[in-house]
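Asker: the amino acid sequence is not available; the structure is as follows:
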């Protein structure tokens, strides 16, 4: 043990400082305990409840029915996989659309603060209207007689009798649209700090603008891209509004929609709780793998 | 393993001539550089010296291709490069901010330019470059983990390893403390001699420019005031700006009253001061006569010397090796000088003192010059 050379007064000051820290985080910890940890425990317990013989709809008793998990997994693994698949496509699309947006506002328009402000407001403006309403609007946008479907039919990408509504395309489009700001904002925040003198330096060192982008801008924006993809993928994987409003209940059903109907329509609390848990754990595993693989020091 | 210097010796491209002709750069509100003509011979350590805002950094950025001139042309080694983008010019810059890539290791930073040029030996050359600046042991660190002086040397190595035709240095020592700066000045000079590249060094530090450069160009208001070897510039300034910005000068107004044997007699407030005609910009009429402080001898007893003045000491400051004096000379104003501290009794404030200097140390400037031009404020 090394000798502590500090005086008693110094040690007291140190302790006091540590105590202040504890006081400051305690409200947050309390909220987390009450509204996150406790519900998770309740959910876990509920996922193991059993339906007693001859019980009415929605009547369950506490138990330890691990087979609940097997039952729901067997029944709903396609929806679970589909959720991750849709979320993945939506995340990639949001990145492809969002990165140029963020780059334009944060780097190209850096000197033009007014235009930059206007574009940022436009980006956030959709949040001022309801999520459900915005998703409903996509039904109109993708409707058979709508502009998008008509245009696609005109250039023969969509067959004359084809639809966009109630298809996987509609659901992925909705997911992409709804979570786009979660992709753009972290990337914008990151690119806003990009030192453009580094781009000059790379030009000075024989890098063409394209090479400067791939060798400097892109790798330096990795923490923003990383945060953006997580913030898009996680809620998209658990979303049920888009698949419910824009889907067809056949090949578009996502796991969130199943959990929703288990809870509120079929009143199968243990099944819904088990599915929720499976979803939570699988997202956790996927995200952990992702962080391990691509995570940057700044986020670890 | 061969060092970078040895490789260069072997290939001996030793940089290229840089020629600027009629370069003008206008921004919306002002003209940064005006009709600049400049020839830097290959292998020269060239310093562009001037106060901030004099256009020296803009000139450098135009050579690097980071800024396009409004008028004029730039050629390197006889090849016109005016319209080439920066990544296609054989020019590298050591930036004032260093601009090291924070996401790359020190080695990757140094290899960046070589890799863009698809040099197969990029990594080996980068290692050799790091050895030259004595940082090989830090190759795997990130720039943020280095001290300012180390970052500066990485920036230098990153530019040097590409063996550009012209190496540009944009106040690269500005962020370093005094001691480190002196050390880096010597190292830079040594490296330049070793690799034999054309260096263009932009600085506002006149001492730095004089210590390092073979040729110094003093810039002011977008123009070059005077250009030449440091000693020549110092000993024989041709404008008041150069006289005051490069070292210190005592400038006094006078009128040429006669000439004999190539020596002008200048009437300065009723006293006659001698000035060699070939050291004067104008040989008749109104002139501004100057003399460097260290050329003047100061004593309480009358002195021998071709040019003599006397006055009252108004300020004495002890600096260790020397004592600096400000002497009020009637009709002329304040004259600054100093004496080595060799044990003599220094003059005190209020003492009457005699000042003397040899005629060959006088220099003459145009009579319409402001005697305060270029005085650091």
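Answerer: Sure, I can see it. Predicted model, so just to flag it, every value in this text is computed and none were measured.
Asker: write out the residues of the stretch 151-300 of chain A neighbouring chain B.
Answerer: A:195, A:197-198, A:200-209, A:211-212, A:215-216, A:219-220, A:222 (C-beta under 8 Å from any C-beta of the partner chain). Where you see a C-beta, it was placed from the backbone N, CA and C, and this is true even at glycine.
Asker: mind doing that once more with 10 Å?
Answerer: A:195-209, A:211-212, A:215-216, A:218-223, A:296-297 (C-beta under 10 Å from any C-beta of the partner chain).
Asker: return a selection command, for use in PyMOL, containing the buried ones of these.
Answerer: The buried subset of those, as determined by 16 or more other C-beta atoms under 10 Å in any protein chain shown, is captured in PyMOL by this line:
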select buried, chain A and resi 198+199+200+201+202+203+204+205+206+207+211+212+215+216+220+221+222+223
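Asker: and the residue of the stretch 251-377 of chain B closest to chain A?
Answerer: Nearest to chain A in the stretch 251-377 of chain B, going by C-beta to the nearest C-beta, is residue B:376, at a distance of 27.8 Å.
Asker: contacting residues for residue 271?
Answerer: Just so you know, I chose chain A. Contacts for residue A:271 (C-beta atoms under 10 Å, 6 or more residues apart in numbering or on different chains) come out as A:46-47, A:49, A:51, A:68-69, A:71-72, A:75-76, A:258-259, A:262-263.
Asker: chain B, not that one
Answerer: Residues near residue B:271 by C-beta under 10 Å, 6+ apart: B:252, B:254, B:307-310, B:329-332.
Asker: in strands, which of these fall?
Answerer: B:252, B:254, B:307-310, B:329 (DSSP state E).
Asker: list buried residues within those.
Answerer: Among the ones in strands among the contacts of residue B:271, those classed as buried by 16+ other C-beta under 10 Å are B:252, B:254, B:307-309, B:329.
Asker: max pairwise distance over these: which two?
Answerer: The span of these, defined through C-beta to C-beta, is set by B:254 and B:308 at 14.5 Å.
Asker: residue A:200 touches residue B:85, doesn't it?
Answerer: No - applying C-beta atoms under 10 Å, one finds residue A:200 not in contact with residue B:85, separated by 11.4 Å.
Asker: common neighbours of those two, please.
Answerer: B:65-66.
Asker: partners of the strand or helix carrying residue B:287, with directions?
Answerer: Assigned by DSSP states H and E, residue B:287 belongs to strand B:286-291. Here strand B:286-291 has these sheet partners by DSSP bridges: strand B:250-260 (antiparallel), strand B:363-366 (antiparallel).
Asker: re earlier: will you turn the ones in strands among the contacts of residue B:271 into CSV that also has distance to residue A:191 and pLDDT?
Answerer: Below are the ones in strands among the contacts of residue B:271 laid out as CSV (distance: C-beta to C-beta, whole Å; pLDDT from 0 to 100):
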residue, distance to residue A:191, pLDDT
B:252, 59, 94
B:254, 62, 93
B:307, 65, 93
B:308, 69, 92
B:309, 65, 93
B:310, 69, 92
B:329, 63, 94
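Asker: farthest-separated two in those?
Answerer: Among those, B:254 and B:310 lie farthest apart (C-beta to C-beta), at 16.9 Å.
Asker: so for residue B:119, which of the strands paired with strand B:286-291 sits nearest?
Answerer: The nearest among those, by C-beta to C-beta, is strand B:363-366 at 50.6 Å.
Asker: now that closest one, how far from the centre of its chain.
Answerer: The chain centroid and the centroid of strand B:363-366 are separated by 21 Å, computed with C-alpha atoms, centre = their mean, to the nearest Å.
Asker: sounds good, over and out.
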